[in-house]
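Asks: Test case, fold it:
(chains A and B)
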Amino acid sequence: MLTEDEKSKIEEAVKGYPRKRAGCVDAMRVVQERRGWIGDEEIGEIALMLGMTADELDGVATFYPFIFRRPVGRHVIFVCDGVSCWVMGYESIMEALQKGLGIGPGGTTGDGRFTLLPVSCIGQCERAPAIMVDGEVYGELVPEEIRKILDMYP
Amino acid sequence: MALGLGEYEKTGGYEALKKCLRSMTPKEVQEEVKAAGLRGRGGAGFPTGVKWSFVPIGDGAPRPKFLISNSDEMEPGAFKDRVLMEGNPHQLIEGMAISSYAIEAEKAYIFLRWDYGKSAARLKFALGEAYAAGYLGRSVAGSSYSLDIGLHVSAGRYICGEETALLNALEGKRAIPRAKPPFPGTNGLWGKPTVVNNAETLSNVPHIIRKGADWYKALSLTADGGTKVYTVSGKVKRPGFWELPMGTTIRTILEEHAGGMRNGAKARAVIPGGGSTEFVLPEHFDTPMAFDVMEREAGSRLGTGTMIVLDEATCPVGMVHNLERFFARESCGWCTPCRDGLPWVARILEDLEEGRGRRQDLEVLAEHTWGLKMHHTYCALAPGAIEPLQSALALFKGDFIRHIEEKGCPYKRR
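Replies: Model prediction:
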């Protein structure tokens, strides 16, 4: 069930568009920011608010990599596997993350702390290899730094 | 730090907008930008003033009309729009206001990618400043013209940068491209006349209007007007971004600005304009980075002007594999050649890398460079995707064969 706070924030987010459904990504972001991900029930409720069917909205939701339709950890680590990061050796960073967390790409740690996801070029190429944790970018990485970064996210 | 409104105004900011509103008709703004030789900085290089001229103008024109800044930069290796938006958000906003006036649009959107959080924050702040100062909203700068600019933060996917897919995304639909014609200039957002311009393109507009087409043209070393934000990534000493005269050579950018290769590394080729352009060998490094001349003399494209360097210790097959995996992942799935062809290409390249390559694989790859070319697919994603592939097949054929004969990637054993 959407909370009253979520509902009013959604109304506010879609106000800037001439048609409600144009704000569907903004609406989903409201829910995701509060819950980490968006469940079926919420998809149905948001769709109803925007005059869409649940399937239509789910079709949009599943199109986008940054909309989560499954639970994720408290912190989401995106590892850029774009071409510049590849040239600069992102694979060693990915390996260090997998080892440090004990999970593979797409996985979530057992304590629900981290989800690890590969991501297409994040446009930080002059600082390659780069990762993004909860929207914060870390660049020019070497594998030895990974532990320190993870420790910053309890 | 971003340039605030006060600082931007001190450098002549918003003078161009005031000049337009005071003394130029929309058509005159279009003509000035046409005369300046400004070509689209999103990769395709279409003349900006000409694009604007497709929009119906005057009292009989359909309303509302829209202008959109394509700030969904996601070409692999490209980050030029990010540095422009993070560093000088008002420049983009003023460019959008002038461009909106030039097509008599009453509503504009910045379509920004999710990953650019810093750009989002700074644009949001700058939009607030611009509204408060009367540069946006009802009666812009005291004129009879009104304009609203909204910030739309998207949620990923390369295809959203394709202008008709972007329109669908902004309407809240799955971001698949639309059939053209009709073109957005007459039938765009919600079927209304719409111009989609790249963020860098729009950032050029205030300067053209303030200082004139002749001044702007003279900044360039070639027939294409103005300056260009070039970027370099890969194993160079100083990866980064520089605004330079349009037509600066690859060598100057690489050696003078990026500081040359890092100790021990040697440049073997560059991808000059983002992931969907063809490799260029060092024998062409004296080619000016401009639209026509890159095609004519180096057999590649200026694209987004965002260079990625391939060095001699890095596997060209692996690099192409990385790119094709990206394009396969980012295909929207709407048309069959792209949806099925790109994963096939990516799988074959993976086979080559992992020692499962067969001689006939090279033929299958070559077939795809034909099957996925322009007009065989709905949009330009797959045709762009095969550009690095087809040039690699021609320029690095020996490497492909070694992967097959030596059953794996020779670079991984170094």
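Asks: Count the residues that sit near the residue of the stretch 251-400 of chain B found nearest chain A.
Replies: Among the residues of the stretch 251-400 of chain B, B:Asn322 lies closest to chain A, at 4.4 Å counting by CB to the nearest CB. To be clear about C-beta, it is placed using only N, CA and C from the backbone, and glycine gets the same treatment. Neighbours of B:Asn322 under the rule other CB atoms under 10 Å in any protein chain shown: 24.
Asks: got it, and the one 10 residues further on?
Replies: When counting by other CB under 10 Å, one arrives at 22 neighbours for B:Cys332.
Asks: Same check on the one 5 residues further on?
Replies: Here the neighbour count serves as a burial measure; for B:Pro337 (other CB under 10 Å) it reads 17.
Asks: Quick one: distance of the helix or strand hosting it to the chain centre.
Replies: Per DSSP states H and E, B:Pro337 falls inside helix B:336-353. Using CA atoms, centre = their mean, to the nearest Å, the distance from the centre of helix B:336-353 to the centre of the chain it belongs to is 25 Å.
Asks: got the CA coordinates for it in PDB?
Replies: Extracted in PDB, the C-alpha atoms of helix B:336-353 (Å, rounded to 0.1, in the frame of the first residue of the first chain):
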ATOM      1  CA  THR B 336      14.700  -8.100 -35.300                       C
ATOM      2  CA  PRO B 337      18.100  -7.300 -36.900                       C
ATOM      3  CA  CYS B 338      19.200  -5.300 -33.900                       C
ATOM      4  CA  ARG B 339      17.500  -7.500 -31.200                       C
ATOM      5  CA  ASP B 340      18.900 -10.800 -32.600                       C
ATOM      6  CA  GLY B 341      21.900  -9.600 -34.600                       C
ATOM      7  CA  LEU B 342      23.800  -7.700 -31.900                       C
ATOM      8  CA  PRO B 343      23.700 -10.500 -29.300                       C
ATOM      9  CA  TRP B 344      24.900 -12.900 -32.000                       C
ATOM     10  CA  VAL B 345      27.800 -10.600 -32.800                       C
ATOM     11  CA  ALA B 346      28.600 -10.300 -29.100                       C
ATOM     12  CA  ARG B 347      28.500 -14.100 -28.600                       C
ATOM     13  CA  ILE B 348      30.800 -14.700 -31.500                       C
ATOM     14  CA  LEU B 349      33.300 -12.200 -30.200                       C
ATOM     15  CA  GLU B 350      33.100 -13.800 -26.800                       C
ATOM     16  CA  ASP B 351      33.800 -17.200 -28.400                       C
ATOM     17  CA  LEU B 352      36.900 -15.700 -30.100                       C
ATOM     18  CA  GLU B 353      38.100 -14.200 -26.800                       C
END
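Asks: so after it, what's the next helix or strand?
Replies: The helix or strand immediately downstream of helix B:336-353 is helix B:359-371, counting by DSSP H and E.
Asks: Can you give me the domain boundaries for chain A?
Replies: Here the domain assignment for chain A is A:4-61, A:75-151, based on automatic domain parsing.
Asks: Please, where are all the strands along chain A?
Replies: A:75-80, A:114-119, A:131-133, A:136-138 (DSSP state E).
Asks: In stretch A:112-126, which residues are buried?
Replies: A:114-126 (16 or more other CB atoms under 10 Å in any protein chain shown).
Asks: Ok, stretch A:83-103 next?
Replies: A:83-90, A:93-94, A:96-98, A:100-101, A:103.
Asks: of all the residues in chain A, which ones are close to chain B?
Replies: A:16-19, A:21-26, A:28-29, A:50, A:52, A:59-60, A:63-67, A:81-84, A:86-88, A:119-128, A:132, A:135 (CB under 8 Å from any CB of the partner chain).
Asks: In helices only, show me the residues you listed.
Replies: Residues of the residues of chain A next to chain B located in helices (DSSP state H): A:Cys24, A:Val25, A:Asp26, A:Met28, A:Arg29, A:Leu50, A:Gly59, A:Val60, A:Val83, A:Ser84, A:Trp86, A:Val87.
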